[in-house]
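>>> Any chance you could fold what I've pasted below:
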Amino acid sequence: MTVQDIRAFNRFYTNVIGALDYSRHLYAPFTLTESRVLYELAHSPRTDAADLRAELSLDAGYLSRILNRFEQDGLIERAPSQRDPRRRQVTLTVRGRETADLLAERADESVGALLATVPDADRPRLAEALRTVRTLLSGSDRGRPRPEDVVLREPGPGDLGWIVQRNAALYAAEYDFNADYEGLVARIVADFAEDHDPHLERVWIAELDGRAVGCVMCVRDDAPGTARLRLLLVEPDARGLRIGDRLVGAVVEFARGVGYRDLVLWTNDILGAARRIYQRHGFVLSAEKPHRSFGKDLVGQDWRLDLHQRQR
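Now for the predicted structure:
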């Protein structure tokens, strides 16, 4: 392996994906760098400008010019960061999220067309080769997954069944819930699969290295103008990568973007990590009540988020 070998591969791959042709339908009217900034903002709803600069290794002046253009075009809003008032938090507007979604859709179509040229029998070998390249070239964090390695995507065939299976298995292992919980999850998922409005209801799957590691649902509640967050889950070996925070953030942004007034959820007080995520996103405890469910004595909690409040 020589420097020239890697450079030759770089030239090959950038040509295959069209990374040098900014006039292509894939990126227009954005450069590849601008598209990547939009991607990061879409997948990290509470990003500071300093975080973006560090994550993408961008010159501060260059990033500032990009963000200024985005703000002028109505794609982002900037406000003092909650974590550090000296920093500026950058948040996508509804228009910005629609733009990021369109770019993601174009990218998915482009890569899908590329993948379609690879025979099914060769795809596992390709996936393993890609993982090998990332592992060997990831520096001091070699082999360790990073938050940016996680992708949030729409569910594919089998994913809804995975949600039921993993919820049942994890809650049995971690909280000793019985099969009643699996029945509840199965009914929730079946109701979504059989009858949902794709404009107002959605499921997200968090994927890491080609496998599902998390999920969440946004569905209509019985109360008018209200959405309900359901079935938030993160696999134990993928915790610590901000997946839960990103999944909840995706639900909040989606619910706000399609016009819901309130977002509600029901949980139990033993789920401390999830509760802290909800609180970070502005949910407020509205009621709690002891109950006997899933073979356990629990304290159920109702949480509510007013989506008309100014975004943090």
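>>> what's in contact with stretch 223-235?
The contact list for stretch 223-235 (CB atoms under 8 Å, 6 or more residues apart in numbering) reads 163, 166-167, 170, 185, 188-189, 200, 206, 212-221, 243-244, 247-248, 251, 255, 259-266, 274, 277. For glycine as for every other residue, the C-beta is placed from the backbone atoms N, C-alpha and C.
>>> Could you tell me how far that stretch lies from the centre of the chain?
Here stretch 223-235 shows a centroid-to-chain-centroid distance of 15 Å under the convention CA atoms, centre = their mean, to the nearest Å.
>>> mind listing what's buried in it?
Going by neighbour count (16 or more other CB atoms under 10 Å), the buried part of stretch 223-235 is 226, 227, 228, 229, 230, 231, 232, 233, 234, 235.
>>> okay if I get the residues you listed as JSON lines plus secondary structure and pLDDT?
Shown next, in JSON lines, are those (DSSP: H, G, I helix; E, B strand; the rest coil; pLDDT from 0 to 100):
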{"residue": "226", "secondary structure": "strand", "pLDDT": "97"}
{"residue": "227", "secondary structure": "strand", "pLDDT": "97"}
{"residue": "228", "secondary structure": "strand", "pLDDT": "97"}
{"residue": "229", "secondary structure": "strand", "pLDDT": "97"}
{"residue": "230", "secondary structure": "strand", "pLDDT": "97"}
{"residue": "231", "secondary structure": "strand", "pLDDT": "97"}
{"residue": "232", "secondary structure": "strand", "pLDDT": "97"}
{"residue": "233", "secondary structure": "strand", "pLDDT": "96"}
{"residue": "234", "secondary structure": "strand", "pLDDT": "96"}
{"residue": "235", "secondary structure": "coil", "pLDDT": "94"}
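>>> Pick out whichever of those sits closest to residue 129.
residue 235 (24.2 Å; CB to CB).
>>> Check the gap between that closest one and residue 131 for me.
17 Å (CB to CB, to the nearest Å).
>>> ditto for residue 289
Taken as CB to CB, the span from residue 289 to residue 131 is 47 Å.
>>> Neighbour count for these two, which is higher?
Legend: neighbour count by other CB atoms under 10 Å for residue 289 and residue 131, higher for residue 131 (13 against 9).
>>> Buried ones among the contacts of stretch 223-235?
163, 166-167, 185, 188-189, 206, 212-219, 221, 243-244, 247-248, 251, 255, 260, 262-265, 274, 277.
>>> rewinding a little: with respect to residue 154, which of the buried residues of stretch 223-235 is nearest?
For the buried residues of stretch 223-235, the nearest to residue 154 is residue 231 (15.4 Å; CB to CB).
>>> where's that closest one relative to residue 166, distance?
Following CB to CB, the distance that separates residue 231 from residue 166 is 10 Å.
>>> Now the common contact residues for these two.
With CB under 8 Å, 6+ apart as the test, residue 231 and residue 166 both reach residue 215.
>>> Report the buried residues of the helix or strand containing residue 173.
Residue 173 is located in helix 159-175, with elements delineated by DSSP states H and E. Across helix 159-175, burial judged by 16+ other CB under 10 Å covers 159, 160, 162, 163, 164, 166, 167, 168, 171, 172.
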